[in-house]
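Provide a 3D model corresponding to the input given below.
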Amino acid sequence: MSTELPPLPARLRLIAWRSAPVLPAAVGSLLAWPGWAVTLVIIIVGIVVTFLRSDNGRNSARKSGWGRFLGFVLYTAVFVCTVATFFGARLTVLDLAGRPTMVEVDYVETNQRTLSGGRTDSYYCFHLRRPNGSPVTGSICRDGREYARGVPIEVLADPTGLVAPETPDAVAGVAWPRNIALGAFVVLCLAALFGGGPAAPPRPLVPPGRYGRWRPSPPRPRRTRGSRPRKGGRR
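Here you go, the predicted model:
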C-alpha cells in the first residue's frame, strides 16, 4: 500500500467535488421534482465537475492497487449516497419538522409507464388542497388508487410550505434511506481522505531550498571599433 497521499486540502476539495451530485438530489427530493429532472440535473453537474477538475485522471496511472480500490469505493459511495438522498431528504425533513395537518384530495393524476415486455403499469399522484381551498405544494404518489377526490387525509406538512407533505406511515419508513445516505457519505469521506482520489504529485528532482537560486551573470563589456583584446598581463 502506497503511503504517498495528496495534500490534505486537495483531499478535502475532492470530498466537496464528489459530493456535488448529492445537492441536486436533495433539492429535487425536497421540491418533489420528477425523477427524470433530477437525473438530468445530476448529469449536468457531473459534466461541469469533470471540466472544472484540473487534475481529473492526470495521476491515475501512478496510483497503487489500494488507491484504485479506494477510487472504486469512492465512486460507489457517491452513487449510493445520491440515490438514498433523493428518497430520504424530504421524508427526513418531515420527520424532524413536519406537523400533522388535515388536507383534502383536490384531483387525481393518472400516469402510465411501460415496463419490459411491453407491459404497462399505472401509478397515481394525488394533488392536495387545504380545507380553505388553497393548494398544497407537491403531491402524494402511489401505485394504487388509494384515495378519491374530496377525501380528507392526515399528512405531515412542512410549516414553511416548501416541502411536499407525506402521510405519517410513509414518513415512518425514513430510517432506511437516511441511514444509508449517512453511511455512504461517511464511506465517501474516508475513501477520499485515505487516497481514493488522484495520486500524490511527483517529487521534484531537486528538493526546493537545497541549491541557491540561479542568477544571471553581469553583462560583458561591449567592444568598440579599433580596440584590441589585451594579451598577457600588465607590464
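
for the protein, what are the low-confidence residue spans?
For the chain, the stretches with pLDDT under 70 are 1-3, 53-63, 115-117, 196-218, 223-235.

let me see the ranges of the helices in it.
8-18, 22-30, 35-52, 65-97, 168-171, 175-193 (DSSP state H).

which other residues reach the last one?
Think helix 175-193. Here helix 175-193 makes contact (CB atoms under 8 Å, 6 or more residues apart in numbering) with 11, 14-15, 18-19, 22, 70-71, 73-74, 77-78, 80-81, 84-85, 87-89, 91-92. From N, CA and C alone the C-beta is placed, and that goes for glycine too.

show the buried residues in the residues you listed.
Among the contacts of helix 175-193, those classed as buried by neighbour count (16 or more other CB atoms under 10 Å) are 11, 14-15, 18-19, 22, 70-71, 73-74, 77-78, 80-81, 84-85, 87-89, 91-92.

mind checking the end-to-end distance for stretch 17-26?
Using CA to CA, to the nearest Å, one end of stretch 17-26 lies 16 Å from the other.

which parts of it are buried?
Quick answer for stretch 17-26 (16+ other CB under 10 Å): W17, R18, S19, A20, P21, V22, P24, A25, A26.

can you check stretch 96-104 too?
For stretch 96-104, by 16+ other CB under 10 Å, it's G98, T101, V103, E104.

top strand in the protein by residue count?
Counting by DSSP state E, the longest strand found in the chain is strand 99-114.

which helices and strands does it pack with?
With contacts taken as 3 or more CB pairs under 8 Å, 6 or more residues apart in numbering; DSSP states H and E, strand 99-114 sits against strand 120-129, strand 135-142, strand 152-157.

run me through the strand neighbours of the first one, direction for each.
As defined by DSSP bridges, the strand partners of strand 120-129 come to strand 99-114 (antiparallel), strand 135-142 (antiparallel).
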